[in-house]
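Novice: pasting the sequence and the predicted model now:
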Amino acid sequence: MLKRALGKTIQELRRSAGITQTELGERAKLHRTYISEVENGSRNLSLETIANLAAALECPLPKLFSRMQHALTHMAENPSEEVMASSEAETG
């Protein structure tokens, strides 16, 4: 659930910044498919990669982790939404 919450947070930050996965990847020096896997919650990121993504999104790490905690709380309170999101990620 942690990877999914982090991925959802990064996706929300990227979308609110109005940038594509490709652009985020270029800023963070990562491939677009890696960004997609991060957003889908299928990648286990190192702290260095998380820091690079936060910098590329111009988001301080405390803010990123705070938003991730909010996403985790929402997922814990709404487990049926998490199951649906996981199913969509696997088929989409």
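Specialist: Done, it's in. Everything quoted here is computed from the prediction, not taken from an experiment.
Novice: shaky segments in this protein?
Specialist: Scanning the chain with the threshold set as pLDDT under 70 gives 81-92.
Novice: how about the secondary structure of Leu45?
Specialist: coil (DSSP: H, G, I helix; E, B strand; the rest coil).
Novice: could you find the closest non-adjacent residue to it?
Specialist: Among residues not flanking Leu45 along the chain, Val38 sits closest, at 6.5 Å (C-beta to C-beta, 6 or more residues apart in numbering). Any C-beta I mention is one placed from the backbone N, CA and C, and that applies to glycine too.
Novice: please report the distance of that neighbour from His74.
Specialist: As for Val38, its distance to His74 is 19 Å (criterion: C-beta to C-beta, to the nearest Å).
Novice: those two: which is more packed in?
Specialist: Neighbours were counted for Val38 and for His74 using other C-beta atoms under 10 Å; Val38 has more, 26 against 13.
Novice: tell me which element Ala76 falls in.
Specialist: Secondary-structure element containing Ala76, defined by DSSP states H and E: helix 61-77.
Novice: for Phe60, what are its contacts?
Specialist: Quick fix: residue 60 reads Pro, not Phe. With C-beta atoms under 8 Å, 6 or more residues apart in numbering as the criterion, the residues that contact Pro60 are Ala54.
Novice: backbone phi and psi for it, please?
Specialist: Note on Pro60: its backbone torsions stand at phi -60, psi 140 [degrees, to the nearest 10].
Novice: one step back: quick one: residues contacting the residue nearest to Leu45.
Specialist: For Val38, the contacting residues are Leu6, Gly7, Ile10, Leu45, Leu53, taking C-beta under 8 Å, 6+ apart as the criterion.
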